[in-house]
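Trainee: after the sequence you'll find the predicted model.
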Amino acid sequence: MMSDAALHERINTEQSLFINGRWSESASGRRFPVFNPATGQVVAHVSDGDAADARRAVDAAYAAFPQWSRLPAYRRGVMLRQAAALMYERRDELARTLTLEMGKPIREARGEISYAASFLEWFAGEGERAYGDIIPPMAPGKRHLVLKQPVGVVAAITPWNFPAAMVTRKVAPALAAGCTVVLKPAEQTPLTAMALMDIFAEAGVPPGVINLVTTNDPAAVADAWLSDHRVRKITFTGSTEVGKLLMRKAADQVKRVSLELGGHAPVIVFDDADVDKAVRGTMASKFRNSGQTCVCANRIYVQKGIYERFAEKFTAAVRNLRVADGLSEDAEVGPLVDEAALEKVTAHVEDAVARGAELLAGGRRVTEGELARGWFFLPTVLAGVRDDMRIMREETFGPVAPLIPFEHEAEAYERANDSPYGLAAYVFTENISRGIRAAERLEYGIIGLNDGTPSTAQVPFGGFKESGIGREGGPYGIHEFLEVKLVGLAVDEEPR
């Protein structure tokens with residue numbers, strides 16, 4: 001495996017834009033720093049792309065589209081499967097790069113690389129299964145054929161919290177469908193995306209089919225793609241506010257959009273739940289990636305009959321979490337991604353405490369030892385939380401768990417649904433009828449029923465309400481990148 005020194009040297013001497021199968025420098029020649037959130041130190045300086053670079057990437061993707069889209073799906077699938085194999089082969093190196101720039105505990109980072117590779121494997125097959133239809137006619141002399149064809153050039157904008165998986169979850173179905181791609185990773189985490197470009201090229205993906213623009217000015221790059229008629233689809237994961245802006249701008253050219261936006265996931269623990277199972281599942285949802293996931297538990301409603309028992313066991317488990325530099329093999333909670341993230345989490349906790357919430361665990365930034373150099377916040381549990389607190393209305397994106405008691409089942413659904421978001425919700429109960437009722441009545445696109453981690457490559461991922469439009473993953477995921485075309489054919493019924 002490459003040493004940290006060798007990795008840093010490679011990153012800092014390598015040009016960072018991958019366009020038309022070649023690495024290049026940005027048009028401006030500017031670079032921006034990438035930080036290690038565990039230490040606050042600079043890991044690398046990468047190219048700062050601008051609108052000119054964004055247009056150059058579209059030039060390459062547009063030119064590559066005709067040949068790539070006509071390539072048999074099987075041959076596209078061979079390349080995707082080869083890219084997945086290379087990811088598995090280089091999992092440790094990719095995971096280390098991911099942890100250096102994002103802070104995720106290394107064991108989780110390895111899991112993310114495998115998760116990311118699974119999207120390449122899954123969609124390699126889905127591309128081969130993008131079947132058309134023959135529809136029975138209503139009149140003699142007619143035939144109706146339905147073809148499915150790629151939408152064209154796709155602009156993919158990915159977040160920092162899953163620097164590998166959010167790339168492949170978008171790129172894999174796009175490439176499998178026959179689209180070409182221009183990709184902008186988050187400015188906090190461009191290095192993992194850069195490593196993936198090398199893998200796609202080595203797997204045989206032709207020049208121009210996938211292109212990367214790193215930038216510290218995402219608005220300029222996004223605007224260039226939104227105003228370019230050759231870009232026919234935008235796929236974005238990030239905040240609801242930015243998603244709404246992209247949706248408005250995409251409307252000018254009626255571009256297709258897929259948006260996976262913010263969440264504020266409720267957990268409902270009924271008094272017939274297996275308390276130990278509920279604690280484990282809630283811990284898995286809440287503290288994965290240090291609470292920096294769009295589907296992590298944000299509001300934990302516990303029925304009063306077991307509230308005290310759940311709170312005691314949950315708090316004890318939280319206090320036992322190992323906070324450490326993500327590169328440490330025993331790290332369970334790593335740093336937050338940057339100073340702004342730390343400030344937001346701190347503000348949410350301070351607001352809750354000021355309004356009367358009780359701290360059961362954590363509640364502050366780590367200020368002791370080497371971790372004080374990074375952006376670490378102690379895993380936190382809050383009791384006595386009310387609906388008027390910021391933490392109950394805004395997505396915290398950090399390792400903070402508010403506990404709220406409730407009395408009746410109907411109350412739990414009403415409070416859980418009282419949100420503009422509708423991405424994920426979790427329910428713990430041993431009553432199958434109650435579980436089905438909850439799954440049907442909760443206004444969320446993903447329901448974890450006695451399961452804190454329901455996501456996988458072969459299932460749909462997406463939300464209701466202001467949590468987004470469209471679905472990623474599973475057979476639904478490739479539909480977002482296909483146009484449906486009717487061919488109406490008039491035929492002579494009798495031979496001439």
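Mentor: Good, I have the coordinates.
Trainee: how about the helices of the stretch 1-150 of the chain, start to end?
Mentor: Ranges of helices within the stretch 1-150 of the chain are 4-13, 51-70, 73-89, 91-102, 106-128, based on DSSP state H, counting those that start in this stretch.
Trainee: return the most buried member of these.
Mentor: Comparing these by mean neighbour count (mean count of other CB atoms under 10 Å), helix 91-102 ranks first with a mean of 24. C-beta coordinates here come from the backbone N, C-alpha and C atoms, glycine included.
Trainee: and the average pLDDT for that one is what?
Mentor: On average, the pLDDT along helix 91-102 is 97.
Trainee: before we move on, the earlier item: closest to residue 22 out of the helices of the stretch 1-150 of the chain?
Mentor: Nearest to residue 22, of all those, is helix 51-70, at 9.3 Å by CB to CB.
Trainee: contacts only, for the closest residue to residue 133 other than its chain neighbours.
Mentor: On the basis of CB to CB, 6 or more residues apart in numbering, the spatially nearest residue to residue 133 that is not a chain neighbour turns out to be residue 146, at 4.0 Å. Counting by CB atoms under 8 Å, 6 or more residues apart in numbering, residue 146 touches 132-135, 484-487.
Trainee: so which of the helices of the stretch 1-150 of the chain gets nearest residue 447?
Mentor: Counting by CB to CB, and looking across all of these, nearest comes helix 106-128 at 19.9 Å.
Trainee: so which strand or helix has the spatially most central residue of the chain?
Mentor: With distances taken as CA atoms, centre = their mean, the residue of the chain nearest its centroid is residue 166 (4.4 Å). Assigned by DSSP states H and E, residue 166 belongs to helix 165-177.
Trainee: what angle do the following helix or strand past that helix and helix 165-177 make?
Mentor: Proceeding N to C from helix 165-177, the next assigned helix or strand is strand 180-184, under DSSP H and E. Relative orientation of strand 180-184 versus helix 165-177 (axes from the mean of the first three to the mean of the last three CA atoms, to 10 degrees): 170 degrees.
Trainee: you'd agree residue 257 is up against residue 244?
Mentor: No. Under the contact definition of CB atoms under 8 Å, residue 257 does not touch residue 244, with a separation of 10.7 Å.
Trainee: residue 444 reaches residue 468, doesn't it?
Mentor: No. Counting by CB under 8 Å, residue 444 sits too far from residue 468 to count as a contact (11.5 Å).
Trainee: who has more neighbours out of the two?
Mentor: More neighbours sit around residue 468 than around the other of residue 444 and residue 468, counting by other CB atoms under 10 Å; the figures are 28 against 24.
Trainee: how far away is that one from residue 195?
Mentor: Applying CB to CB, to the nearest Å, one obtains 27 Å for the distance of residue 468 from residue 195.
Trainee: and if you look at residue 215?
Mentor: The span separating residue 215 from residue 195 equals 18 Å under the rule CB to CB.
Trainee: who's more crowded, the two?
Mentor: Comparing residue 215 with residue 195 by neighbour count (other CB under 10 Å), the higher total belongs to residue 215, at 27 against 20.
Trainee: per-residue confidence for residue 1?
Mentor: The model's pLDDT for residue 1 equals 51.
Trainee: check residue 197 too.
Mentor: 97.
Trainee: picking that back up, any idea of the mean pLDDT in the helix holding residue 166?
Mentor: Averaging the model's pLDDT scores along helix 165-177 yields 98.
Trainee: so residue 22 bridges to which residues?
Mentor: residue 19 (DSSP bridges).
Trainee: next, give phi and psi for residue 401.
Mentor: Reported as degrees, to the nearest 10, the phi and psi values for residue 401 are phi -120, psi 110.
Trainee: how many neighbouring residues does it have?
Mentor: Around residue 401 there are 30 other residues, counting by other CB under 10 Å.
Trainee: kindly report the same for residue 337.
Mentor: Other residues lying near residue 337 total 26 when counted by other CB under 10 Å.
Trainee: wait, isn't it in contact with residue 38?
Mentor: No. Assessed by CB under 8 Å, residue 337 is found out of contact with residue 38, at 10.5 Å.
Trainee: what sits in contact with each of those two?
Mentor: Counting by CB under 8 Å, 6+ apart, the residues touching both residue 337 and residue 38 are 103, 375.
Trainee: and the closest residue to residue 107 other than its chain neighbours, helix, strand or coil?
Mentor: Nearest-residue entry for residue 107: residue 329, 6.9 Å, with adjacent residues in sequence omitted and distances by CB to CB, 6+ apart. For residue 329, the reduced secondary structure class is coil; criterion used: DSSP: H, G, I helix; E, B strand; the rest coil.
Trainee: I figured residue 329 hits residue 108, correct?
Mentor: No. Applying CB under 8 Å as the test, residue 329 and residue 108 come out as separate, 11.5 Å apart.
Trainee: my guess is residue 335 contacts residue 376, does it?
Mentor: Yes. The pair residue 335 / residue 376 is scored as a contact, 4.8 Å apart, by CB under 8 Å.
Trainee: for residue 126, what are its contacts?
Mentor: Shown here is residue 126, whose contacts under the criterion CB under 8 Å, 6+ apart are 173, 176, 475, 477-478.
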